[in-house]
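[1] Predicted structure and sequence below. I'll ask about it afterward.
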Amino acid sequence: MKMRVPSVNEVMAALCTEYRVHEIPDSSRAWNGPQVIPSPDSNCNKVMTATDASLEVIHRAVNDGADLLIVHHGLTWTLGAIPLPSSNEVEAERVRVALANNLAILALHLPMDAHPILGNNAILADGLGIQREGTWFASKGHPSPLDSSLIQGPSLATEWPQIDTLEDGRLTMEIGLYGRFTTPMNRSEIKSRIQHILGKEQTEPEIIRIFPEDRGMESDETETIAICSGAAGGAVVDAKELGVDALLSGEGPFQSAILAQEADISLILAGHHATETVGPRATADWLNRIAEANEWSMDSQFISAPIGL
């Protein structure tokens, strides 16, 4: 079998198509799709994926010989503007390093949360053995501007969350999932399962917090749960209105612990970064399958860079 090396542009097009970057609404501070493109027609021999486009991750991608870095959290959250190499922002150093080493960077924020198979929430739900019953936690915004040449057709995945138009013209989509455990679990079992999904290098047992903390870990079997990775821990009331027993997210404001006690719902916080490592891992695996199907000579790997949160 004769293999060929794809271009950076080909790989970015495959990703933007599968993750529906041209359609998924996101915050104005997020920028999905290509963020740094030194040379789109250059060969893409190696792809690295990661949760954050931190300077550490960019240096590691460069040292590993990557041509393309795929991240969940992009280079900046400043009004969606990519910092220029000449700017004084700390974030600009990331761009300088990427450009100096011909490293392209592509971000998939909410598209990586919402993907029905490869998304952070889908993987958390499947890992917990959840029978999905619906979506929740609406995001509002607009898709990021994207060159039409990067869209090659429909996503191969089906059962994406529905996208609706609000009166003000913004789009909205529910990115979280909720459902029922195949077998009810107590708190200790849920905590152990989450650590297994995330991996020990991403989260130690003491990092996973379950509120209210005055309840026993072996009691209170949980039958239903709402899931939204990242920073959805403040949505305790919304989760309670779904009628679920528990809410799993990464982090939330301190008031959430009080609300969880008053609303009689378990709030499980497993780390913003940690709960959003599963999507980038799945993306690397998916790219390796796509490379094999397309007879591409290209390797994809996940960069583990835990931050303790």
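    Now that the structure is in, tell me what you want to look at. From a predicted model like this one, the values you see are computed outputs, not experimental measurements. Residues are numbered from 1 along each chain as shown.

[2] rest of the way, CA atoms for contacts and neighbours
    Will do.

[3] residue boundaries of the helices in this structure?
    Counting by DSSP state H, the chain forms helices over residues 8-18, 55-63, 92-100, 110-114, 120-127, 187-198, 236-242, 255-263, 272-275, 278-294, given from the N-terminal end onward.

[4] counting contacts, what elements does the last one pack onto?
    Pointing back at helix 278-294 there. Counting by 3 or more Cα pairs under 8 Å, 6 or more residues apart in numbering; DSSP states H and E, the packing neighbours recorded for helix 278-294 are strand 46-52, strand 68-73, helix 110-114, helix 120-127, strand 299-302.

[5] coming back round to it: closest to residue 77 out of the helices of the chain?
    If you check each of the helices of the chain against residue 77 by Cα to Cα, helix 92-100 wins as the nearest, at 12.2 Å.

[6] circling back to that earlier point, would CSV of the helices and strands packed on helix 278-294 with distance to residue 146, mean neighbour count and mean pLDDT be doable?
    Formatted as CSV, those follow (distance: least, Cα to Cα, whole Å; neighbours: other Cα atoms under 10 Å; pLDDT from 0 to 100):
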stretch, distance to residue 146, mean neighbour count, mean pLDDT
strand 46-52, 20, 26, 98
strand 68-73, 16, 27, 98
helix 110-114, 14, 27, 98
helix 120-127, 23, 23, 98
strand 299-302, 24, 21, 98
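
[7] how about these in a markdown table, adding distance to residue 288?
    Supplementary listing: these in a markdown table, determined by distance: least, Cα to Cα, whole Å:
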| stretch | distance to residue 288 |
| --- | --- |
| strand 46-52 | 9 |
| strand 68-73 | 13 |
| helix 110-114 | 17 |
| helix 120-127 | 18 |
| strand 299-302 | 6 |
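
[8] and of those, who's closest to residue 245?
    If you check each of the helices and strands packed on helix 278-294 against residue 245 by Cα to Cα, helix 120-127 wins as the nearest, at 14.7 Å.

[9] Turn the helices of the chain into a markdown table, columns for distance to residue 42.
    Rendered in a markdown table, the data for the helices of the chain read as follows (distance: least, Cα to Cα, whole Å):
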| stretch | distance to residue 42 |
| --- | --- |
| helix 8-18 | 6 |
| helix 55-63 | 15 |
| helix 92-100 | 13 |
| helix 110-114 | 25 |
| helix 120-127 | 30 |
| helix 187-198 | 34 |
| helix 236-242 | 46 |
| helix 255-263 | 48 |
| helix 272-275 | 31 |
| helix 278-294 | 17 |
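
[10] how about the ones you listed, which one is nearest residue 171?
    Of all the helices of the chain, the one in closest proximity to residue 171, counting by Cα to Cα, is helix 110-114 (12.8 Å).

[11] Tell me which other helices or strands that closest one touches.
    Taking 3+ Cα pairs under 8 Å, 6+ apart as contact, the helices and strands that helix 110-114 lies on are helix 120-127, strand 171-185, helix 278-294.

[12] can you do 10 Å?
    With contacts taken as 3 or more Cα pairs under 10 Å, 6 or more residues apart in numbering; DSSP states H and E, helix 110-114 sits against strand 68-73, helix 120-127, strand 171-185, helix 278-294.

[13] quick one: strands adjacent to the shortest one?
    Right, strand 68-73. Strand partners for strand 68-73, identified by DSSP bridges, are recorded as strand 46-52 (parallel), strand 104-107 (parallel).
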